[in-house]
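S.K.: Okay, predicted coordinates and the sequence, questions at the end:
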Amino acid sequence: MFERDVEYIIQEDKVKIVDEQTGRVWMDVDTAMAYTKLLKLKKM
């Protein structure tokens, strides 16, 4: 479904979402909320 080290990374034992357009890691975002946002973006 999602590709590790491309769409998300594991950092400090936490899943962090990577912004596909900028390559930046979303900081201070709740994982569940980030997952929901990522799913919405994938549907676009």
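M.R.: Looks like it came in fine.
S.K.: Report the central residue of the protein.
M.R.: residue 17 (1.7 Å; C-alpha atoms, centre = their mean).
S.K.: does it really touch residue 24, like I thought?
M.R.: No: look at residue 17 against residue 24 with C-beta atoms under 8 Å: they stay out of range, at 9.9 Å. Any C-beta I mention is one placed from the backbone N, CA and C, and that applies to glycine too.
S.K.: Same question for the least confident helix or strand in the chain by mean pLDDT: list its buried residues.
M.R.: Ranking every helix and strand in the chain by mean pLDDT, DSSP states H and E puts helix 31-43 at the bottom, with a mean of 73. Applying a neighbour-count criterion of 16 or more other C-beta atoms under 10 Å, one finds residue 38 buried in helix 31-43.
S.K.: Stretch 13-30 too?
M.R.: In stretch 13-30, counting by 16+ other C-beta under 10 Å, buried: 16-18, 26.
S.K.: From residue 1, how far out is the residue nearest to the centre of the chain?
M.R.: Distance, residue 17 to residue 1, by C-beta to C-beta, to the nearest Å: 13 Å.
S.K.: Which neighbours do these two have in common?
M.R.: By C-beta atoms under 8 Å, 6 or more residues apart in numbering, residue 17 and residue 1 have no common neighbours.
S.K.: Which strand or helix spans residue 10?
M.R.: strand 8-11 (DSSP states H and E).
S.K.: after that strand, next one along is what?
M.R.: strand 14-17.
S.K.: who touches that following strand?
M.R.: With contacts defined as C-beta under 8 Å, 6+ apart, strand 14-17 is touched by 7-10, 25-26, 29, 31, 34-35, 37-38.
S.K.: which other residues reach stretch 34-44?
M.R.: With C-beta under 8 Å, 6+ apart as the contact definition, stretch 34-44 has outside contacts at 2, 7-8, 15-17, 20, 26, 29.
S.K.: 10 Å instead, please
M.R.: Here stretch 34-44 makes contact (C-beta atoms under 10 Å, 6 or more residues apart in numbering) with 1-2, 7-8, 15-21, 26, 29-30.
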